[in-house]
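>>> Everything below, folded, please.
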Amino acid sequence: MIEETTVDVDGVRVFVRRIGGDGPPALFVHGNPTHSEEWLPFLRRLDGPAVALDLPGWGRSQRPGPGFDGSMHGLASFLERSLDLLAIDAYRLVLHDWGAVALITAQRHPERLRRLVIVDAVPLLPGYRWHWIARMWRRRGIGEAFNATTTRAATALLLRQASGDRSPMPRELEDMIWRHFDRGTRRAVLELYRSAPEDALPAAGSRLGDLECPALVVWGGRDPYLPVEFGRAYAERLPNAELLEVPEAGHWPWIERPALVDRIVAFLEAG
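Here you go, the predicted structure:
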């Protein structure tokens with residue numbers, strides 16, 4: 001059974017989905033512009049334990065005030081404090097897109113990580129160049145204007161661009177994003193992207209080689225934002241990694257290829 005609750009971390013209300021059970025939980029960390037609801041297909045198949053939270057500024061978590069550090073390193077530190085509050089020591093990690101902030105957290109305490117799944121994540125690696133939407137978000141004034149004029153119809157078109165064959169993505173994904181994509185989330189998006197110039201990404205992943213646990217890197221071969229070469233690079237940097245390329249899928253490969261959910265769950269539950 002999936003429990004929904006909120007916890008207070010440093011005065012910020014954080015929405016959490018969790019499943020009870022014994023052993024190291026599976027921790028699911030979402031990207032942008034989604035939130036923990038994207039992980040429901042996995043949570044419904046896991047026996048537990050598991051935790052999926054909404055990062056501050058996204059989903060059903062609080063939109064923090066001006067003093068909150070919403071940079072990539074700030075979110076990584078916030079996630080670390082959240083784990084402490086939830087009494088999570090050892091854990092298994094699944095992340096997507098900007099869930100890569102959890103890799104920053106994991107590199108600080110690699111001994112706590114038992115298994116790792118990376119799905120089409122922001123590359124904390126050399127050579128990456130931001131995609132066109134990110135470049136707009138990173139520019140002062142232009143990013144604000146882009147967000148202010150974003151409509152639900154435009155969101156549907158962007159999701160279509162993110163699919164492997166450029167066909168419409170499920171209406172449920174559009175609903176999930178648009179339901180919580182408010183002014184606070186739009187501010188959080190700008191702060192996060194502006195904290196991450198391209199040359200800061202490989203520095204943030206400088207200790208990936210310390211993550212020696214079994215790892216599975218899953219990547220859509222037609223992701224327009226995060227080219228598959230960076231999935232291969234992640235698999236090369238991690239000492240004990242398996243690469244699973246999904247040639248015809250885009251940025252959310254498990255939505256286009258639902259069988260991946262069982263594949264990932266089996267990996268998490270192995271051993």
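>>> Would you map the strands across the protein?
3-9, 12-19, 26-29, 50-53, 91-97, 113-121, 215-220, 241-246 (DSSP state E).
>>> helices and strands around the first one, which ones?
With contacts defined as 3 or more CB pairs under 8 Å, 6 or more residues apart in numbering; DSSP states H and E, strand 3-9 has these neighbours: strand 12-19, helix 72-85. C-beta here means a position set from N, CA and C on the backbone, and glycine is covered the same way.
>>> so what's the residue nearest to the spatial centre of the chain up against?
Centroid check for the chain by CA atoms, centre = their mean gives Gly99 as the closest residue, at 2.4 Å. Residues near Gly99 by CB atoms under 8 Å, 6 or more residues apart in numbering: 28-31, 121.
>>> Just give me the closest of these to Val94.
Taking CB to CB as the measure, Val94 lies nearest Phe28 of the contacts of Gly99, at 4.9 Å.
>>> Just give me the neighbour total for the closest one.
Phe28 has 26 neighbouring residues, counting by other CB atoms under 10 Å.
>>> and if you look at Arg166?
So Arg166, with other CB under 10 Å, has 11 neighbours.
>>> just Glu172 next, same as before
Neighbours of Glu172 (other CB under 10 Å): 11.
>>> Poorly predicted segments of this protein, please.
271 (pLDDT under 70).
>>> Kindly recompute the last result at 50.
Filtered on pLDDT under 50, the chain yields no residues whatsoever.
>>> Okay, helices next: where are they in it?
40-43, 72-85, 101-108, 132-137, 142-148, 152-162, 171-180, 183-194, 200-204, 228-237, 253-256, 259-269 (DSSP state H).
>>> which stretch among those helices comes nearest Pro247?
Of the helices of the chain, the one closest to Pro247 (CB to CB) turns out to be helix 228-237, at 8.4 Å.
>>> elements contacting that closest one?
Packed next to helix 228-237, using 3+ CB pairs under 8 Å, 6+ apart, are strand 113-121, strand 215-220, strand 241-246.
>>> what angle separates the longest one from strand 91-97?
Between the direction of strand 113-121 and that of strand 91-97, the angle (axes from the mean of the first three to the mean of the last three CA atoms, to 10 degrees) works out to 10 degrees.
>>> Can you list the neighbours in contact with strand 113-121?
Contacts of strand 113-121 (CB under 8 Å, 6+ apart): 24, 31, 90-100, 103, 106, 211, 213-220, 223, 226, 231, 234, 238, 241, 251-254, 264, 267-268, 270-271.
>>> Direction-wise, compare it with strand 241-246 and give the angle.
Per the same axes, to 10 degrees, the angle that strand 113-121 makes with strand 241-246 is 30 degrees.
>>> just how off-centre is strand 113-121 within its chain?
10 Å (CA atoms, centre = their mean, to the nearest Å).
>>> Take that strand, keep the C-alpha atoms, and write them as CSV.
In CSV, the C-alpha atoms belonging to strand 113-121 read as follows (Å, rounded to 0.1, in the frame of the first residue of the first chain):
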residue,chain,number,x,y,z
LEU,A,113,24.2,3.2,-1.7
ARG,A,114,23.2,-0.4,-2.4
ARG,A,115,21.8,-0.3,-6.0
LEU,A,116,21.6,2.5,-8.6
VAL,A,117,19.3,3.0,-11.6
ILE,A,118,19.9,6.1,-13.8
VAL,A,119,17.2,6.8,-16.4
ASP,A,120,17.9,9.6,-19.0
ALA,A,121,19.5,11.9,-16.4
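>>> Can you list the strands that it pairs with?
Next to strand 113-121 in the sheet, as set by DSSP bridges, lie strand 91-97 (parallel), strand 215-220 (parallel).
>>> circling back to that earlier point, let me have the contacts of Gly99 in CSV, extended by distance to Ala148.
Converted to CSV, the contacts of Gly99 look like this (distance: CB to CB, whole Å):
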residue, distance to Ala148
Phe28, 30
Val29, 28
His30, 23
Gly31, 22
Ala121, 28
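>>> Return the member of the residues you listed nearest to Ala259.
After measuring these against Ala259 - CB to CB - the closest member comes out as Phe28, at 18.5 Å.
>>> just checking, the closest one touches Phe42?
Yes - if you go by CB atoms under 8 Å, Phe28 and Phe42 touch, sitting 6.6 Å apart.
>>> Distance to Gly20 for the helices of the chain - can I get that in a markdown table?
Shown next, in a markdown table, are the helices of the chain (distance: least, CB to CB, whole Å):
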| stretch | distance to Gly20 |
| --- | --- |
| helix 40-43 | 12 |
| helix 72-85 | 17 |
| helix 101-108 | 21 |
| helix 132-137 | 38 |
| helix 142-148 | 38 |
| helix 152-162 | 33 |
| helix 171-180 | 25 |
| helix 183-194 | 29 |
| helix 200-204 | 33 |
| helix 228-237 | 31 |
| helix 253-256 | 24 |
| helix 259-269 | 16 |
